[in-house]
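Student: need coordinates for the following:
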Amino acid sequence: MEKEDLMKAAESAFRMARASSKIIREPVRLADVKAVEDRVGSLAKKDPSKVDISEKLSNLLEIDRLSFKYDTRIKSVTIRYADISTEEIIATTDGTYVEQRKDYVWNYCWVTGSANGIMASARDELGAHGYELFDEETPEVISNRVCKRVIQQLEAKTPKGGRFPAVIGTDIVGVLAHEALGHLCEADLTLAGSVIMGKIGEKIASDVVTIYDDALMEEGFGYIKYDDEGVPGRKTVLIEKGVLVGLMHNRETAAKMEVEPTGNARAQDFRVPPIIRMRNTCFERGDYSFEELLEDIKFGYYLEAFRGGQANLDGTFTVGVQSAFEIVNGELGEPVRNLGISGNTLETLAKIDACGKDFGLECGRCGKGQSAFVSSGGPHIRVKEITIGGY
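Tutor: Presented below is the predicted three-dimensional model:
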């Protein structure tokens, strides 16, 4: 695009914005921010744009080949891959000018299997800022991990339904942080009537629960030094020792609620406005070992990895689990298949009685009318009871 064309487009957008302002019922106010000028480089160790397409195809085909070779009960393999390299420029009338290079490499694998009339499936999703992803997660590692979960389900028994204590794995903990709580703490959705509206300063979880959304976690897919309004990214604590202490804001909601913006305004690209999105949303570590989390449970379940999940503004959620085991007398027992959990977010947060000292992070994408790269995670956690069901 020539400079003259760019100026014409900017002037046209300005005229349309001024015209539309006459029909807006409530004037838009933005929280004041300090103007910044900066250039942010890529976090990629291996630039994906410089990796030959033949190498990328070779890795994907190797995942496919090894998966079918793993076991004759594997029946289908679906692999989705994407890498994105962008140069983003943010220029505002407040005087901010920021250039940011962003690189993302994403790989998703879905494998199904069948035996004796039983069908099973498992997913594997990975992300990194560069093509070093495949140095750390080789095709063999990916294939073995996802196929092992499929075969485990084919050989597993069905779970008992009811309410049981559970130890929850790090990626399911991430789903709870992101889906069950995180969306409720996006200030636009809070103002729209989420279940935590008006609860800032109130105790909504057990004392062992601290949850945050961090823009500056470099290993996370949601790392952003500046958001798409030019606001510096930061760590925003949502729940601290059980108390709701913060929300995620853009400049508009920050002005409405008379707080500072948190750097959560993100846009998929220049064609859509920045909206409040999560970055890296996690539970804080505790001090329990995995064995200590198990030892007091006479009978319950270890929920290792999730298949999918969703949550609603009223605080209800469901999560499908693709890898789970019984816990019997403080030790892992037999695997179970087709297990799902459901509950109310605030009730579940109140029933968490221990957090592990480990930490895991899941990289993926979140949809909210637009797509955004995010991460979520935390340590293993223990819940006094949660509703277990089959599907």
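Student: contacts and neighbour counts: CA atoms only from here.
Tutor: OK.
Student: wait, isn't Val173 in contact with Thr281?
Tutor: No: in this structure, Val173 is not within contact of Thr281 by Cα atoms under 8 Å, at 10.1 Å.
Student: overlap in contacts, the two.
Tutor: Residues touching both Val173 and Thr281 (Cα atoms under 8 Å, 6 or more residues apart in numbering): Gly377.
Student: more crowded one of those two?
Tutor: Thr281 (33 against 28; other Cα atoms under 10 Å).
Student: can you tell me how far that one sits from Ala187?
Tutor: 15 Å (Cα to Cα, to the nearest Å).
Student: ranges for the strands of the stretch 151-300 of the chain?
Tutor: 162-168, 211-214, 235-240, 243-244, 265-266, 275-276, 280-283, 299-311 (DSSP state E, counting those that start in this stretch).
Student: least reliable of those strands by average pLDDT, please.
Tutor: Here the lowest mean pLDDT among the strands of the stretch 151-300 of the chain goes to strand 299-311, at a mean of 92.
Student: angle of that strand against strand 162-168?
Tutor: Angle, strand 299-311 to strand 162-168, by axes from the mean of the first three to the mean of the last three Cα atoms, to 10 degrees: 80 degrees.
Student: which is the next helix or strand following strand 299-311?
Tutor: Scanning forward in sequence from strand 299-311 by DSSP states H and E, the next helix or strand is strand 316-328.
Student: pLDDT weak spots in the stretch 151-300 of the chain?
Tutor: Applying pLDDT under 70 to the stretch 151-300 of the chain picks out no residues at all.
Student: hey, what's Cys109 bridged with?
Tutor: As for beta bridges, Cys109 partners with Ile79, Asp124 under DSSP bridges.
Student: next one: the one 10 residues further on
Tutor: In this structure, Met119 has the following beta-bridge partners (DSSP bridges): Ser114.
Student: what sits against it?
Tutor: Met119 touches Thr112, Gly113, Leu154, counting by Cα under 8 Å, 6+ apart.
Student: how many neighbours does Phe14 have?
Tutor: 12.
Student: and it, helix, strand or coil?
Tutor: Secondary structure, DSSP: H, G, I helix; E, B strand; the rest coil: Phe14 is helix.
Student: which pLDDT value does the model give it?
Tutor: pLDDT at Phe14 comes out at 80.
Student: again with the one 10 residues further on
Tutor: If you check Ile24, the pLDDT there is 65.
Student: name the element Glu334 belongs to?
Tutor: Counting by DSSP H and E, the element that carries Glu334 is strand 331-336.
Student: go ahead and name everything in contact with that strand.
Tutor: 152-153, 156-159, 291, 294-295, 302, 323-327.
Student: kindly recompute the last result at 7 Å.
Tutor: Gln153, Ala156, Lys157, Thr158, Pro159, Leu294, Glu295, Ala324, Phe325, Glu326, Ile327 (Cα atoms under 7 Å, 6 or more residues apart in numbering).
Student: turn these into JSON lines, including neighbour count.
Tutor: Listed next are these as JSON lines, based on neighbours: other Cα atoms under 10 Å:
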{"residue": "Gln153", "neighbour count": "25"}
{"residue": "Ala156", "neighbour count": "17"}
{"residue": "Lys157", "neighbour count": "15"}
{"residue": "Thr158", "neighbour count": "14"}
{"residue": "Pro159", "neighbour count": "19"}
{"residue": "Leu294", "neighbour count": "24"}
{"residue": "Glu295", "neighbour count": "14"}
{"residue": "Ala324", "neighbour count": "29"}
{"residue": "Phe325", "neighbour count": "23"}
{"residue": "Glu326", "neighbour count": "21"}
{"residue": "Ile327", "neighbour count": "24"}
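Student: so of those, which two are at opposite extremes in space?
Tutor: Longest distance between any two of those is 24.7 Å, between Gln153 and Glu295; criterion Cα to Cα.
Student: so what's Leu303 bridging to?
Tutor: Residues in a beta bridge with Leu303, per DSSP bridges, are Ile168, Ala324.
Student: please shift the residue numbers so they start at 10 in all later answers.
Tutor: Okay, using 10 as the starting number, the last item reads as Leu312.
Student: what about it, neighbour count?
Tutor: 27.
Student: that one reaches Phe173, doesn't it?
Tutor: No: counting by Cα atoms under 7 Å, Leu312 stays clear of Phe173, with 11.6 Å between them.
Student: can you give me the strands in the stretch 10-159 of the chain?
Tutor: 46-49, 83-100, 106-124, 127-137.
Student: and Arg391, that's in a helix?
Tutor: No: applying three-state DSSP, one finds Arg391 to be strand, outside a helix.
Student: show me what contacts Leu75?
Tutor: Counting by Cα under 7 Å, 6+ apart, Leu75 touches Glu149, Ser152.
Student: give me the distance between Ile306 and Asp222.
Tutor: 31 Å.
Student: between the strands of the stretch 160-309 of the chain, which gets nearest to Asp103?
Tutor: Nearest of the strands of the stretch 160-309 of the chain to Asp103, taken as Cα to Cα: strand 274-275 at 16.1 Å.
Student: could you find the closest non-adjacent residue to Tyr235?
Tutor: Pro241 (4.3 Å; Cα to Cα, 6 or more residues apart in numbering).
Student: any idea of the pLDDT on Met10?
Tutor: With respect to pLDDT, Met10 scores 64.
Student: mean pLDDT and distance to Lys59 added to the strands of the stretch 10-159 of the chain, as CSV?
Tutor: Output for the strands of the stretch 10-159 of the chain, formatted as CSV (pLDDT from 0 to 100; distance: least, Cα to Cα, whole Å):
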stretch, mean pLDDT, distance to Lys59
strand 46-49, 98, 19
strand 83-100, 97, 10
strand 106-124, 98, 12
strand 127-137, 96, 15
